[in-house]
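Visitor: Show me the folded form of this:
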Amino acid sequence: MNLHAKLRQRADAGRPVRVALIGAGKFGSMYLAQVPRTPGVHLAGIADLAPAAVHANLARVGWDPRRTQAASLDDALARGTTHVGEDWQALVRHPAIDVVVECTGHPIAAVDHCLEAFAQGKHVVNVTVEADAFCGPLLARRARDAGVVYSLAFGDQPALICDLVDWARTCGFPVVAAGRGHKWLPHFSASTPETVWGYYGLTPEQAARGGLNPKMFNSFLDGSKPSIECAAVSNATGLAVPSDGLRYPPASIEDIPYVTRPIDEGGVLERKGMVEVISSLEADGRRIPYDIRMGVWVTVEAQTDYIRHCFEEYNAHTDPSGRYFTLYKRWHLIGLEVGVSVASVALRGEPTGVATAWNADVVATAKRDLAPGEVLDGEGGYTVWGKLLPAETSRRIGGLPLGLAHQVRVTRAVAKGQSLCWGDVAIDATTRAYRLRREMEVQAAPQPGAVQAA
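Guide: All right, here's what the predicted structure looks like:
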């Protein structure tokens with residue numbers, strides 16, 4: 001509760017937290033909109049493959065053009081301004097940088113950026129949760145080995161969910177379920193960038209005004225991003241995932257404590273302690289009033305009559321038993337909130353969510369029948385969507401992680417609805433992202449002769 005005070009102290013001492021941003025698209029632009037209003041932070045450099053687009057985005061969010069004319073990173077550091085360029089390696093390797101914010105949305109490149117930042121002794125706030133979903137546990141270990149902090153990005157829903165889970169456990173509540181909201185109907189899993197805006201609830205004109213990427217937004221709509229984010233939460237908190245994908249139970253905020261109970265108590269959970277996503281639409285497509293579509297939630301349990309009575313006495317809304325209570329944030333502000341992570345890793349040495357184990361995975365699943373020779377186009381595209389599975393299930397079937405299903409050629413026919421495996425594709429085995437993922441699988445595999453628990 002004192003991050004702002006600590007930032008003010010850094011500002012007063014003339015020692016701002018020096019930040020490097022890699023990728024300045026929509027999410028990055030939202031962070032950029034807040035930086036000039038945040039004390040004790042100096043955004044020293046931005047690396048992006050399209051510097052002209054960066055300058056356009058900076059103008060869109062209200063930056064004075066004079067702040068971004070630094071000829072070099074050293075020039076920016078000397079004058080308190082910002083250098084914009086294409087060379088992310090020079091940015092990450094500069095000794096003055098404290099924190100790298102990885103904001104490209106490109107999971108394979110993000111792994112390179114994170115690993116290099118660790119090697120250079122930089123903390124990392126990883127906005128590209130797609131990378132965290134398929135190799136986050138090893139990224140976290142690499143950061144620890146390097147003596148730096150690796151963190152999910154506050155403002156994005158996984159870190160906000162982790163925050164609620166931490167609140168619950170710190171208060172002594174067992175977590176029954178936690179997750180986010182989503183606008184969901186089953187046929188959305190086949191959505192493409194051509195159909196996204198109608199399903200999403202925006203006009204093409206609104207999307208163009210906001211500079212919104214249809215493929216990126218379709219990754220939310222088709223269920224890929226909810227699965228990715230729930231995998232990150234599961235790996236960070238230890239909460240389990242459904243055995244055969246998210247169920248998306250429809251519910252108003254008032255009904256969340258009803259549906260996020262175990263099946264034998266009238267809810268939808270296979271057991272207590274799971275992640276799930278609540279749909280803002282009824283099965284027939286009707287919008288549910290007072291929904292949690294853009295928010296996050298956690299359901300906790302009163303384990304004693306005294307605690308249950310406290311819920312009742314303080315008018316906390318519960319399920320009919322009085323035992324299950326849901327705390328929620330109805331909205332999240334995405335990149336506008338990333339400064340919390342930057343301050344936390346730099347000033348406290350604490351992540352705002354980080355993978356601690358490999359519990360969950362997101363496997364590329366065919367949106368339509370795929371023929372040999374076709375090329376996968378990753379999350380939000382025309383070929384695959386992401387299905388959330390237990391990590392052990394994914395490892396056993398050789399599941400192809402969605403984050404690596406980019407520009408990958410299909411080598412044998414895959415039916416619509418079928419999850420792809422390594423044997424279905426010809427993949428570039430030279431990338432650090434691929435090697436890190438395969439290393440994680442090897443480490444998770446049962447050792448020969450090991451006795452399996454009953």
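Visitor: Could you count how many residues lie near Gly373?
Guide: Gly373: 8 surrounding residues under other CB atoms under 10 Å. For glycine as for every other residue, the C-beta is placed from the backbone atoms N, C-alpha and C.
Visitor: ditto for Asp361
Guide: Look at Asp361: counted by other CB under 10 Å, it has 31 neighbours.
Visitor: pLDDT of the one helix or strand Val363 maps to, averaged?
Guide: Using DSSP states H and E, Val363 sits within strand 360-366. Computed over strand 360-366, the mean pLDDT rounds to 98.
Visitor: what sits up against it?
Guide: Contacts with strand 360-366, where a contact means CB atoms under 8 Å, 6 or more residues apart in numbering, come from 133-134, 189, 224, 227-228, 230-231, 234-235, 241, 275, 376, 383-391, 393-395, 397, 399-403, 405, 414-420.
Visitor: From those, which land in helices?
Guide: Assigned to helices by DSSP state H, the following of the contacts of strand 360-366 qualify: 133-134, 224, 227-228, 230-231, 234-235, 391, 393-395, 397.
Visitor: And these, which two are furthest apart?
Guide: Taking CB to CB as the measure, these span a maximum distance of 19.9 Å, between Ser224 and Arg395.
Visitor: Comparing the two, which residue is more hemmed in?
Guide: Neighbour totals were compared for Ser224 and Arg395, and Ser224 leads with 29 against 18 (other CB under 10 Å).
Visitor: okay, the more buried one: pLDDT?
Guide: On pLDDT, Ser224 comes in at 97.
Visitor: how close does it get to His332?
Guide: Note on Ser224: its distance to His332, by CB to CB, to the nearest Å, is 18 Å.
Visitor: Do a quick rundown of the helices in the stretch 101-250 of the chain.
Guide: For the stretch 101-250 of the chain, the helices defined by DSSP state H, counting those that start in this stretch occupy 107-119, 129-146, 157-171, 196-200, 204-209, 214-221, 224-237.
Visitor: Which one, of those, ends up nearest to Gly349?
Guide: Gly349 sits nearest to helix 129-146 of all those, at 11.3 Å, using CB to CB.
Visitor: In terms of secondary structure, what does the closest one contact?
Guide: Here helix 129-146 touches helix 107-119, strand 123-126, strand 150-152, helix 224-237, strand 360-366, helix 432-444, going by 3 or more CB pairs under 8 Å, 6 or more residues apart in numbering; DSSP states H and E.
Visitor: Sheet partners, orientation included, of the shortest one?
Guide: The strands that strand 150-152 pairs with in its sheet are strand 123-126 (parallel) (by DSSP bridges).
Visitor: Alpha carbons of the strand it pairs with, in PDB - could you do that?
Guide: Provided in PDB are the C-alpha atoms of strand 123-126 (Å, rounded to 0.1, in the frame of the first residue of the first chain):
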ATOM      1  CA  HIS A 123      13.900  -7.400 -13.800                       C
ATOM      2  CA  VAL A 124      11.100  -8.300 -16.300                       C
ATOM      3  CA  VAL A 125       7.400  -7.500 -16.400                       C
ATOM      4  CA  ASN A 126       6.100  -9.800 -19.000                       C
END
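Visitor: Name the residues that touch it?
Guide: So strand 123-126 is in contact with 98-102, 110, 113-114, 117-118, 132, 139, 143, 148-153, 338, 341-342, 345-346, going by CB under 8 Å, 6+ apart.
Visitor: go on, stretch 165-179?
Guide: Contact partners of stretch 165-179, identified using CB under 8 Å, 6+ apart, comprise 161, 164, 230, 233, 237, 239, 260-261, 269, 272-278, 296-303, 324, 327.
Visitor: low-scoring stretches of this protein, by residue?
Guide: 447-454 (pLDDT under 70).
Visitor: go with 80
Guide: Low-confidence segments of the chain (pLDDT under 80): 1, 210-211, 447-454.
Visitor: Pick out the residue closest to the middle of it.
Guide: In the chain, the centroid-proximal residue (CA atoms, centre = their mean) is Val129; its distance is 3.7 Å.
Visitor: Quick check: it touching Ser151?
Guide: No: if you go by CB atoms under 8 Å, Val129 and Ser151 don't touch, sitting 11.2 Å apart.
Visitor: those strands in the stretch 1-150 of the chain, which residues are they?
Guide: Counting by DSSP state E, counting those that start in this stretch, the stretch 1-150 of the chain has strands at residues 17-22, 41-47, 83-85, 99-102, 123-126, 150-152.
Visitor: Dump the ones you listed to JSON lines, plus mean neighbour count.
Guide: As requested, the strands of the stretch 1-150 of the chain are exported to JSON lines (neighbours: other CB atoms under 10 Å):
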{"stretch": "strand 17-22", "mean neighbour count": "26"}
{"stretch": "strand 41-47", "mean neighbour count": "26"}
{"stretch": "strand 83-85", "mean neighbour count": "20"}
{"stretch": "strand 99-102", "mean neighbour count": "28"}
{"stretch": "strand 123-126", "mean neighbour count": "30"}
{"stretch": "strand 150-152", "mean neighbour count": "28"}
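Visitor: Is it possible to get TSV of those strands that adds distance to Arg60?
Guide: Below are those laid out as TSV (distance: least, CB to CB, whole Å):
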stretch	distance to Arg60
strand 17-22	15
strand 41-47	14
strand 83-85	14
strand 99-102	18
strand 123-126	22
strand 150-152	26
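Visitor: Of all those, which one comes closest to Gly62?
Guide: strand 41-47 (13.9 Å).
Visitor: Output that closest one as PDB, restricted to C-alpha atoms.
Guide: Extracted C-alpha coordinates of strand 41-47, given in PDB (Å, rounded to 0.1, in the frame of the first residue of the first chain):
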ATOM      1  CA  VAL A  41       9.800   6.400 -13.200                       C
ATOM      2  CA  HIS A  42      11.900   7.300 -16.200                       C
ATOM      3  CA  LEU A  43      10.900   5.500 -19.400                       C
ATOM      4  CA  ALA A  44      14.400   5.700 -21.000                       C
ATOM      5  CA  GLY A  45      13.800   3.700 -24.200                       C
ATOM      6  CA  ILE A  46      11.300   2.100 -26.400                       C
ATOM      7  CA  ALA A  47      12.300  -0.700 -28.900                       C
END
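Visitor: Noted, bye for now.
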